[in-house]
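1. sequence and computational prediction follow.
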Amino acid sequence: MTGFACARRTIPEGEIIVSIKSVNHRGLDLHFHTPPELDAIEGELRNLLKQSVTRGHLQIHVSFARLMEAGAAPLNRPMLEAYMRAFHQAAQEYGISGAPDLNAALRIPGMLASSEERELSESVSHAILEAAAESITVLNAAREGEGAATAAEILEHCAAICALVEQMKEIRAGATPAFQNRLREKLGELLRGTALDPQRVAQEAAILADRSDINEELVRLSTHTAQLEQMLSAGGELGKRLDFLLQEMNREANTVLSKTGGLGDLGLTITELALRAKSEIDKIREQSLNLE
């Protein structure tokens, strides 16, 4: 499910911003975008996310803008001194003339931060984790809202499938007489007017109807639809259970299609209804990819 959340914290040491963006993904895929000084708490951030999010491709951005004390210079003097020594030593060894470029030196990562500032204090780490927890809460609220809307749409498709199943059940009730008429017509064409035994025709029609009976498939399709509705109502992680259930529903619809070839106009009507049921199942499958 998709979502976005952002949290800010202002502390004596500076300002913290944590933002999280989520898009659909089969598993949990975390990508952190943090400055090097925050690498030490990435593990804690990762564990915090894993406790609350199970699926999704997440982009986590964390920034920490330090507030400098009045008159304090953010220059990393030991690093600058090492840079100058290395420059002069290289110029002397290789006979290169020239002066160090201060602009280039100041662009070196860490040059404008003192060595003491590289390690995060416990208060800063705690504030970052608090901001991350707030972002996760807001993100999950957005994802839950989207999930509720998706579940409501899936329930509409379930209701459509149930209605189609009821229509197929009503048509199925007239299947045996239709088979008898169709069988009588075919036999009449083959025997060219020879008298037919009504009892024999009825028996053959019953056998043919039994082989093409779709009652079991319709019952299972109704049962699976009810199970799907119960799963959505119960909540929790659906994942593979929902995927398996949709496979079974699709299999039942395919079986109905394979059994309705000998019913003439009734068969064509059932075929159309079964195809519509398959379409509703496919729509549910597409929406299920957005559920966690």
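-> Now that the structure is in, tell me what you want to look at. Residues are numbered from 1 along each chain as shown.
2. which other residues reach the helix or strand where Glu81 lies?
-> Assessed by DSSP states H and E, Glu81 sits inside helix 77-94. Here helix 77-94 makes contact (Cβ atoms under 8 Å, 6 or more residues apart in numbering) with 96-98, 100, 105, 108, 110-111, 114-115. Heads up, the C-betas are built off the backbone N, CA and C, glycines and all.
3. from the chain's centre, how far out is it? Work that out for me.
-> Between the centre of helix 77-94 and the centre of its chain there are 53 Å (Cα atoms, centre = their mean, to the nearest Å).
4. name the helix or strand for Asp29, please.
-> Using DSSP H and E, Asp29 falls in strand 28-33.
5. cool, and Glu153?
-> Applying DSSP H and E, one finds Glu153 within helix 122-172.
6. send me whatever helix or strand comes next after the helix holding Glu81 as CSV with only the CA atoms.
-> Using DSSP H and E, the helix or strand that follows helix 77-94 in sequence is helix 102-106. This file holds the C-alpha atoms of helix 102-106, laid out as CSV (Å, rounded to 0.1, in the frame of the first residue of the first chain):
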residue,chain,number,x,y,z
LEU,A,102,40.1,26.5,0.0
ASN,A,103,36.8,26.1,-1.8
ALA,A,104,37.7,22.6,-2.8
ALA,A,105,38.8,21.8,0.7
LEU,A,106,35.6,23.0,2.3
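7. and helix 102-106, which residues are buried?
-> For helix 102-106, the neighbour count (16 or more other Cβ atoms under 10 Å) marks no residue as buried.
8. so how far is it from its chain's centroid?
-> With Cα atoms, centre = their mean as the basis, helix 102-106 stands 47 Å off its chain's centre.
9. where are the low-confidence patches of the stretch 151-292 of the chain?
-> 174-212, 236-237, 239, 261-264, 292 (pLDDT under 70).
10. please repeat the previous calculation with a cut-off of 80.
-> 172-213, 235-240, 259-267, 289-292 (pLDDT under 80).
11. which residues in it form helices?
-> Counting by DSSP state H, counting those that start in this stretch, the stretch 151-292 of the chain has helices at residues 175-191, 198-211, 215-234, 239-259, 265-288.
12. relative to helix 215-234, how tilted is the longest one?
-> Spelled out, it's helix 265-288. In terms of direction (axes from the mean of the first three to the mean of the last three Cα atoms, to 10 degrees), helix 265-288 departs from helix 215-234 by 20 degrees.
13. need the CA coordinates for helix 265-288. CSV is fine.
-> Output in CSV follows, covering the C-alpha atoms of helix 265-288 (Å, rounded to 0.1, in the frame of the first residue of the first chain):
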residue,chain,number,x,y,z
ASP,A,265,-28.7,-21.3,-25.2
LEU,A,266,-28.6,-22.2,-21.5
GLY,A,267,-25.0,-23.1,-21.8
LEU,A,268,-24.1,-19.8,-23.6
THR,A,269,-25.9,-17.9,-20.8
ILE,A,270,-24.0,-19.8,-18.1
THR,A,271,-20.7,-19.3,-20.1
GLU,A,272,-21.3,-15.5,-20.1
LEU,A,273,-22.1,-15.5,-16.4
ALA,A,274,-19.0,-17.6,-15.6
LEU,A,275,-16.8,-15.3,-17.7
ARG,A,276,-18.2,-12.3,-15.8
ALA,A,277,-17.4,-14.1,-12.5
LYS,A,278,-13.8,-14.7,-13.7
SER,A,279,-13.5,-11.0,-14.5
GLU,A,280,-14.6,-10.1,-11.0
ILE,A,281,-12.1,-12.6,-9.6
ASP,A,282,-9.3,-11.0,-11.7
LYS,A,283,-10.3,-7.6,-10.3
ILE,A,284,-10.1,-8.9,-6.8
ARG,A,285,-6.6,-10.3,-7.6
GLU,A,286,-5.5,-6.9,-8.9
GLN,A,287,-6.7,-5.2,-5.7
SER,A,288,-5.3,-7.9,-3.4
